[in-house]
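> sequence and predicted structure below; questions after.
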Amino acid sequence: MSSKIPKIALIIAIIILIICFILLLVMPKMVSKPKEEEVVSKYSTKATDTLKELDIYTEINNKDYSKTIEVLLEDNNFKTKYLNDYFNIDYQDIDNFSKTINSLLDKDYNSQEINYIIKNFQEQIDILLTMKHINILEFKDITNFNIDNLSRYINYYNDNDYDLKSVVTYVNIGLDLDGYSKYETYTLEEAKDITILVNKYHKLPDNYEPDDLVSLEYNANYKLRKEAAEAFKELTEVAKLDNVIFYPFSPYRSFATQNVLYNRYKQMDGEKVADTYSARPGFSEHQLGLAVDVRSSTLNDNLTEEDYNWMLNNSYKYGFIIRYPKGKQFITQYIEEPWHIRYLGVELATKVHDSGLTYDEYYDLYMEER
Ligand SMILES: [Zn+2]
């Protein structure tokens with residue numbers, strides 16, 4: 001009796017062990033096999049096939065769907081090395097999308113830059129692709145950026161050592177082109193504006209003559225527009241209180257006068273040199289009746305250093321700026337002319353003075369309509 005019971009128990013135990021063993025072998029197959037078949041590809045058949053060929057199907061399919069990646073795969077333009085970039089590039093419905101982003105990636109543009117480029121510079125991508133990489137995101141914060149000038153910005157940037165912000169302003173002024181090579185001519189109506197910018201890129205009409213010229217007290221032949229003449233009188237009187245005395249020697253000049261003057265200088269020094277200190281007819285602020293050259297003594301057409309410093313620190317309070325300051329020749333395109341002051345009205349002259357900019361720069365940054 002006593003030996004029968006353990007024998008049965010042993011047999012039962014063996015049977016249970018065998019069943020367990022069989023279950024262990026079969027169960028995983030029953031559970032996992034159908035599960036694998038349930039996974040649905042997020043990508044089109046063609047894209048999926050390519051991913052499988054590249055052996056990255058599971059990796060990609062487990063991540064969020066990317067239209068960009070799908071299009072690249074379908075276009076046969078997918079490059080594994082750019083995988084992470086692709087995920088961060090937003091798909092845009094443009095011609096040759098996949099080719100374009102590969103070309104930009106080849107040029108070292110990152111995904112953030114590419115999103116910005118495709119959104120904002122779609123028409124200019126071909127231009128960008130001919131140039132070396134630029135920090136294009138910097139354009140985002142540049143208020144005077146003008147898309148029509150993009151290729152000029154990039155060329156000027158590549159040829160010079162300025163930051164993009166300066167490049168935008170300088171190109172807008174026209175500094176990437178030779179003075180007089182391309183200019184805008186104002187209408188007679190526009191020429192009357194007290195704040196008008198006149199330089200080698202902005203010309204006055206040949207027949208423009210202000211209709212409110214008045215004589216200066218100093219000499220009846222010396223004229224300025226009424227508002228400027230009154231301000232100049234005030235400036236002279238205030239200066240006297242500080243023992244600063246100066247005399248006008250060249251105020252309003254007509255187109256014809258400027259023509260004679262410029263040609264005389266040109267004959268004397270040659271065109272290249274003359275252009276550094278004398279404006280060609282139509283391009284002179286003197287034709288506006290808003291500019292006047294002053295001197296400290298009738299023996300010399302200039303201001304003493306002392307008088308110049310006074311002028312620099314005070315003239316704006318009466319509406320005048322030093323138009324061609326020291327160290328700015330590459331912007332104004334004229335040598336330093338301490339003696340040449342330009343009337344803009346007190347408010348604007350104060351702003352220009354406080355900005356520390358030349359009027360050419362100030363005008364582009366704050367006055368140009370965009
Ligand atoms: Zn002058």
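All right, it came through fine. Residues are numbered from 1 along each chain as shown.
> just give the nearest non-adjacent residue to the residue of the stretch 1-150 of the chain found nearest the ion, would you?
Distances between the stretch 1-150 of the chain and the ion by C-beta to the ion are smallest at Asn144, namely 27.3 Å. Heads up, the C-betas are built off the backbone N, CA and C, glycines and all. Closest residue to Asn144 apart from its sequence neighbours, by C-beta to C-beta, 6 or more residues apart in numbering: Leu365 at 5.3 Å.
> for whatever residue of the stretch 101-250 of the chain ends up closest to the ion, name its beta-bridge partners.
Nearest residue of the stretch 101-250 of the chain to the ion (C-beta to the ion) works out as Ser250 at 5.9 Å. Here Ser250 sits in beta bridges with Asp293, going by DSSP bridges.
> hmm, Glu285 and it touching each other?
No - in terms of C-beta atoms under 8 Å, Ser250 does not count as a neighbour of Glu285; the distance is 10.9 Å.
> and these two? Which one has more around it.
Counted by other C-beta atoms under 10 Å, Ser250 and Glu285 do not tie: Glu285 has more neighbours, with 23 against 17.
> OK, contacts around that one?
Val198, Ala279, Ala291, Arg323, His340, Arg342 (C-beta atoms under 8 Å, 6 or more residues apart in numbering).
> name the residues that touch the helix or strand hosting the fourth one?
Which is Arg323. Per DSSP states H and E, Arg323 falls inside strand 320-324. With contacts defined as C-beta under 8 Å, 6+ apart, strand 320-324 is touched by 231-232, 235, 285, 291, 308, 311-312, 315, 332, 334-338, 340-344, 349, 352-353, 358-359.
> need the residues of the chain near the ion, please.
Within reach of the ion by C-beta under 5 Å from the ion, the chain has these residues: Asp293, His340.
> if you set the cut-off to 6 Å instead, what comes out?
Ser250, His286, Ala291, Asp293, His340 (C-beta under 6 Å from the ion).
> residues contacting Tyr183?
By C-beta under 8 Å, 6+ apart, the contact list for Tyr183 reads Gly174, Lys200, Tyr201, His202, Lys203, Phe283.
> wait, the first one sits on Lys200?
To tie it back to what came earlier, the one meant is Gly174. Yes - with contact defined as C-beta under 8 Å, Gly174 reaches Lys200; the gap is 7.4 Å.
> can you pull the pLDDT of Met1?
Looking at Met1, its pLDDT reads 48.
> and what of Pro6?
With respect to pLDDT, Pro6 has a value of 72.
> over to Glu36?
Reported pLDDT for Glu36: 49.
> and what of Val40?
So, for Val40, pLDDT stands at 87.
> tell me which helix or strand it sits in.
Under the criterion DSSP H and E, no helix or strand holds Val40.
> repeat for the one 10 residues further on
In this structure, Thr50 is located in helix 45-53 according to DSSP H and E.
> tell me what that helix is packed against?
Contacts defined by 3 or more C-beta pairs under 8 Å, 6 or more residues apart in numbering; DSSP states H and E place helix 45-53 against helix 57-61, helix 67-74.
> buried sites along it?
Residues of helix 45-53 classed as buried: Ala47, Thr48, Thr50, Leu51 (neighbour count, 16 or more other C-beta atoms under 10 Å).
> cool, and stretch 289-297?
Across stretch 289-297, burial judged by 16+ other C-beta under 10 Å covers Gly289, Leu290, Ala291, Val292, Asp293, Val294, Arg295, Ser296.
> if we ignore the residues flanking it in sequence, what's nearest the second one?
Of all residues not flanking Leu290 in the chain, Tyr343 sits nearest, at 4.4 Å (C-beta to C-beta, 6+ apart).
> brilliant, that's me finished.
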